[in-house]
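Chemist: Quick one: sequence plus predicted model below, questions after.
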Amino acid sequence: MERIKTSTHVVGLKQTKKAIEAGRANLVFIARDADLHVVFPLEKLCEGRNTEVVYVNNMKELAKACRVDVPTAVAAIVKDA
């Protein structure tokens, strides 16, 4: 979790999905309390792209690590452009 605080990252489902599809996501974070219909397709995408997934306790914890004010279901550390 500390890595996301100091790395280039994206926050949210749409941005994370785009990063995975573009091959830019190094590590994806998924909150355990996120809705299954939101994260299940993303988990499958990560599996298909061999992208590592780390599960965090809850959306508030992930939001705090990403320095955003709203609970966050997913985020990803990305390669610099």
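Modeler: Thanks, I have it. Being a predicted model, the structure only gives us computed values, none of them experimental.
Chemist: where in the protein is pLDDT low?
Modeler: 81 (pLDDT under 70).
Chemist: can we see that at 80?
Modeler: Applying pLDDT under 80 to the chain flags the ranges 1, 80-81.
Chemist: Pull out the buried positions in the host helix or strand of residue 14.
Modeler: Per DSSP states H and E, residue 14 falls inside helix 13-21. Judged by neighbour count using 16 or more other CB atoms under 10 Å, the buried positions of helix 13-21 are 13, 15, 16, 17, 19, 20. In short, each C-beta sits where N, CA and C put it, glycine included.
Chemist: Excluding covalently adjacent residues, which one is nearest to residue 33?
Modeler: residue 58 (4.6 Å; CB to CB, 6 or more residues apart in numbering).
Chemist: picking up where we left off before, helices or strands next to the following helix or strand past the helix holding residue 14 in the packing?
Modeler: Per DSSP H and E, helix 13-21 leads on to strand 25-31 as the next helix or strand towards the C-terminus. Secondary-structure packing of strand 25-31 (3 or more CB pairs under 8 Å, 6 or more residues apart in numbering; DSSP states H and E): helix 2-6, helix 13-21, helix 36-49, strand 52-56, helix 59-66, strand 74-78.
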